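1. after the sequence you'll find the predicted model.
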Amino acid sequence: MQIQHLRLTILMSIATLLLFIPFIAMFFTKEVNWGLFDFVMAAVLLYGTGLLFELVLRKVRKPVYRIVICAVILVLLLVIWIELAVGVFGTAIAGK
């Protein structure tokens, strides 16, 4: 198996494992109450981020650029996730 395919498999596996956390938590507590839309949005964000990481790692050759671009992608993921969850910035996509 080529390293690129292995890396992509690992990234997608991590995204899947992260999606299982709230799914399993819903069986043990009423504090986690996700619906289908929540899981779809989380999947789009996590898998999209993983695919963007893979794209950057395949196309960008300089390690410093790779790190910076991946850090920016990660920060964007976190900002969007936080906005969807609690509406920190009060945009139209806020979860309130």
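-> That came through fine.

2. next structured bit after the helix or strand harbouring residue 13?
-> For residue 13, the host element (DSSP states H and E) is helix 3-28. As assigned by DSSP H and E, the chain's next helix or strand after helix 3-28 is helix 36-59.

3. and that next one, what's buried?
-> Neighbour counts over helix 36-59 (16 or more other Cβ atoms under 10 Å) mark 41-42, 45-46, 49-50, 52-54, 56-57 as buried. (Each C-beta comes from the backbone N, C-alpha and C, glycine too.)

4. try stretch 10-29
-> Buried, per 16+ other Cβ under 10 Å, within stretch 10-29: 11, 15, 19.

5. how about stretch 81-96?
-> Neighbour-count burial for stretch 81-96 flags 81, 83-84 (criterion: 16+ other Cβ under 10 Å).

6. that older thread, quick check, nearest of the buried residues of helix 36-59 to residue 91?
-> Distance to residue 91 across those (Cβ to Cβ) is lowest for residue 41, with 14.4 Å.

7. quick one: that closest one and residue 85 touch, right?
-> No: applying Cβ atoms under 8 Å, one finds residue 41 not in contact with residue 85, separated by 10.1 Å.
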